[in-house]
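Chemist: Have a look; sequence and predicted model below, questions after that.
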Amino acid sequence: MAKFKRTRPTIGILPGYSALAGKTPDHYRSSILKGIQLAGRVRECNLLLAWSLGHTTEANAVYPPWPVISPESDFVPVGPWNTDGLIVFTPIQNEVRSQYLQELTEQRFPVLFIATGEQGPTISVDNEAGIRQSVEHLAIVHGRRRIAFLAGHPNDRGDSASRLRAFRSALVEFGLDEDPKLVETGLHTVPGGYEATRKMIEAGVQFTALMGSNDASAIGAMQAIRDYTFLQVPRDVAVIGFDDQPDAMAQVPPLASVHVPLMEIGQQALALMHDHLKGNQNLASIQIPTQLRARQSCGCLPQAMITKHQSQPRSRTARQPVKTTDIQDIQTIRHKLAEEMVAAFPPMLRFPFGEQTYQFCIRLIDAFFAGLKEGNISRFQVKLMEFLREMEHLEENVDMWQNAISALRREMIQLPATWNRAETKRLADDMLHQARSAISESAQRQVHRHKYRQSIADQILGELTARLSATLDQQQAVEILEENLSEIGIKHVRVGLFEPDEDDPVAWSVAIHPGLEPVSRRFPSRGFPPPGLYPADEILNLIILPLIFQKELFGYVAFDADNLEPCATVARQLAATIKISRLHAQVTELSLRDPLTGIYNRRYFDLFLDNELNRSARLGKRLAVIILDIDHFKIYNDTYGHPAGDKVIQNVARCIGQGRRSADAIARIGGEEFALILPEVEVEGSLIVAEKIRDAIRNSSGFEHPITVSMGVSVSLDDSTGEALVKEADLALYEAKQTGRDRVCVFKK
């Protein structure tokens, strides 16, 4: 059994670059993350997801979150020191970071890569098969021979490179044009795909089909084709992407894509790492199969139209109705039907729910068969509505169940019913028609509910960011987050601000969070999260983002990661708020400081005195005020000049600082006049402080000529005011000067 750094395995996730950094969401990494989180909950692992925001000053630069301080990355506290294993997204695109990971592997620290490009255990997809299938589909099914290709980043030696190699091999295999002008770099981004396609169009490159190395570049290509040509997709240019992100189905026309089971990749990665940490298996590389999802963008008909056309002949000719006398085990049939229904789901929906989805299918089959036997659809209706309500409560994609109903329609004649009777077929069609209608209605409710919730979340997020931008205090900013984040699906937030230690700028973290025990407020950054920051029994699911504003790194923010979408917006605004609050504090500090000596000025003295008087009254304590004046300063100034006089004032300020207690406040309130506020002190204590200051000045060698000071002391009573205390101390000072200077006098109450 492995020795975990907490009571349960803690797994860190590092991206080569961040899904939250760009202007458009990166559903590729977000979908994989959801799979990791789902498996993490099942296996009760702590998850520390390091993510980044990008730098607003350099829109195209990549600054990934990283465990090592460097100019090319943003430090976040997720590394080998607080995790038991790391899952790392590639591409890394940086030799130093790649070498760091290889060194961890050599030290036998578990590292698992998602996607190709690095040496070590890797979960990858079958790029070659996906690209080959796409080229074959375009060339053989649709007759497109001039196929353009948008590659990924030229420094990506992983998926981008392998997909480009596979494309070139497929061109040779199918005897297609190998014009170098048909290959451009799309950088795996929407803007990159747009610019690459625009460049080909303006250069006069002719192509009848286009493939993107991922969906984002293909989507950018479709936009460029609309903006710069009179061509239409798919009539003139067929388009296929890769990865089959959720955005693919949202395009007009829907984007054909090589399907990659992204959530399954995340689940597989977490399961592999967890089992390795538990000692059950070694980390090994796994390749996930891919499959082309043909849609309208490549020239294929919508799936619903194809299914309707193909399912009727299959149910009547390909299969014969099962005779009742041939049935030996109805259980075998219902399980076979359920498997057919589950197989109709896309893998991204089928995989996460597994047995639960299968049992839902069994329940529908049982209700359907009961309706056929009884000649009554009421039981099926009741079960269907119960099922749909349950699906909606689970926030499951109800519309996908249309595919399952189609599978049931196709395979229903396996059930031992009297299919030679027209009444049976009519009843079956009625029940399945009602099921389709009810599913459509439920799906519409989901859409409206999602829009309603999203509008509320957007409004709350807008109000939250407005409140953050209006505050000038970082503690208040965190309190605002604590009060409002639950309304947008984030359970909790913790903010850590870095404090340096010698040459380590991120050595310490100070938690800005109301209600924390002192032991949890300051801790080594690489010891995140310290005991007490989260409940001991909580399974951590944290996304950790650097708080960075215009290249200035302040610290990090850790959100509960169930809802990733608003985290970037909140983190960006919080970083801006911290920057503004610090600038405000600097301006305020400057306005409260004496520019010559660096100590506080009269304005601060008055504010501090009022606050301390109120505090002393609450605690039933005394407070003393000392006013100090340099004896014969005008003569000194006239004799040695103003620069020497300024040095005297500066040196006296230093001497006062040496003689005072750490809790005492010192201010310059006039030309050569200083004042001290001594909290929680009686007359005797104030005289001790005053004499220490006189000794420090008397023994100082920083004067052209020895100087002395006179001091007046006043100690508060229960009803004292700040104005009265200052007046009393001033009277005592006057007495000291009148009685010979170089002495301390106390005001007699």
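Modeler: Okay, I see it.
Chemist: Please make it C-alpha for all contacts and neighbour counts, starting now.
Modeler: Will do.
Chemist: quick one: which helix or strand includes the residue nearest to I543 when sequence neighbours are not counted?
Modeler: Using CA to CA, 6 or more residues apart in numbering and skipping the chain neighbours, the partner closest in space to I543 is L49 (4.5 Å). Assigned by DSSP states H and E, L49 belongs to strand 46-50.
Chemist: Please export the C-alpha coordinates of that strand as CSV.
Modeler: What follows is strand 46-50, C-alpha atoms only, in CSV (Å, rounded to 0.1, in the frame of the first residue of the first chain):
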residue,chain,number,x,y,z
ASN,A,46,-8.3,14.2,-3.7
LEU,A,47,-7.9,16.2,-6.9
LEU,A,48,-5.8,19.4,-7.3
LEU,A,49,-6.4,20.8,-10.8
ALA,A,50,-3.8,23.4,-11.7
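Chemist: Looking at it now, give me its mean pLDDT.
Modeler: In this model, strand 46-50 has an average pLDDT of 96.
Chemist: Please identify the pairing partners of it and their relative orientation?
Modeler: Using DSSP bridges, strand 46-50 pairs in its sheet with strand 10-14 (parallel), strand 541-549 (parallel).
Chemist: hmm, who's touching it?
Modeler: 8-15, 37, 40, 65-66, 76, 78, 539-545 (CA atoms under 8 Å, 6 or more residues apart in numbering).
Chemist: and the longest helix for the protein?
Modeler: helix 422-470 (DSSP state H).
Chemist: what's that one packed up against?
Modeler: helix 355-374, helix 378-393, helix 401-411, helix 474-484, helix 567-591 (3 or more CA pairs under 8 Å, 6 or more residues apart in numbering; DSSP states H and E).
Chemist: highest average neighbour count across these?
Modeler: The highest mean neighbour count among the helices and strands packed on helix 422-470, using mean count of other CA atoms under 10 Å, belongs to helix 401-411: a mean of 21.
Chemist: Any chance you could give me that helix in CSV, C-alpha atoms only?
Modeler: Only the C-alpha atoms of helix 401-411 are listed here, as CSV (Å, rounded to 0.1, in the frame of the first residue of the first chain):
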residue,chain,number,x,y,z
TRP,A,401,-32.7,8.9,-25.5
GLN,A,402,-34.3,9.3,-29.0
ASN,A,403,-31.4,7.1,-30.2
ALA,A,404,-32.4,4.4,-27.7
ILE,A,405,-36.1,4.6,-28.8
SER,A,406,-34.9,4.1,-32.4
ALA,A,407,-33.0,1.0,-31.4
LEU,A,408,-36.0,-0.3,-29.5
ARG,A,409,-38.2,0.3,-32.6
ARG,A,410,-35.6,-1.5,-34.8
GLU,A,411,-35.3,-4.5,-32.5
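Chemist: any idea of the mean pLDDT in it?
Modeler: Across helix 401-411, pLDDT averages out at 86.
Chemist: What angle do helix 355-374 and that helix make with each other?
Modeler: Taking axes from the mean of the first three to the mean of the last three CA atoms, to 10 degrees, one finds helix 401-411 and helix 355-374 inclined to each other by 50 degrees.
Chemist: What distance do you get for the residue nearest to I543 to R409?
Modeler: From L49 across to R409, the span is 44 Å (CA to CA, to the nearest Å).
Chemist: Over to H450?
Modeler: Relative to R409, and taking CA to CA, H450 is found at 30 Å.
Chemist: repeat for A428
Modeler: Separation of A428 from R409 (CA to CA): 8 Å.
Chemist: and if you look at T7?
Modeler: From T7 to R409 the distance is 50 Å (CA to CA).
Chemist: Could you do A161 as well?
Modeler: From A161 over to R409 (counting by CA to CA), the distance is 44 Å.
Chemist: Flag the shaky bits of the stretch 351-500 of the chain, pLDDT-wise.
Modeler: Scanning the stretch 351-500 of the chain with the threshold set as pLDDT under 70 gives 351-355.
Chemist: Can I get stretch 538-554 as PDB, trimmed to CA atoms?
Modeler: In PDB, the C-alpha atoms belonging to stretch 538-554 read as follows (Å, rounded to 0.1, in the frame of the first residue of the first chain):
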ATOM      1  CA  GLU A 538     -13.800  16.500   2.700                       C
ATOM      2  CA  ILE A 539     -12.800  14.800  -0.500                       C
ATOM      3  CA  LEU A 540     -11.000  17.700  -2.300                       C
ATOM      4  CA  ASN A 541     -11.900  18.600  -5.800                       C
ATOM      5  CA  LEU A 542     -10.100  21.900  -6.300                       C
ATOM      6  CA  ILE A 543      -9.200  24.000  -9.300                       C
ATOM      7  CA  ILE A 544      -6.200  26.200  -8.500                       C
ATOM      8  CA  LEU A 545      -5.600  29.300 -10.600                       C
ATOM      9  CA  PRO A 546      -2.800  31.900 -10.300                       C
ATOM     10  CA  LEU A 547      -3.800  35.400  -9.300                       C
ATOM     11  CA  ILE A 548      -1.900  37.300 -12.000                       C
ATOM     12  CA  PHE A 549      -2.400  40.800 -13.300                       C
ATOM     13  CA  GLN A 550      -0.200  42.200 -16.100                       C
ATOM     14  CA  LYS A 551       2.500  39.600 -15.300                       C
ATOM     15  CA  GLU A 552       2.500  40.400 -11.600                       C
ATOM     16  CA  LEU A 553       1.800  37.200  -9.600                       C
ATOM     17  CA  PHE A 554       0.100  37.800  -6.300                       C
END
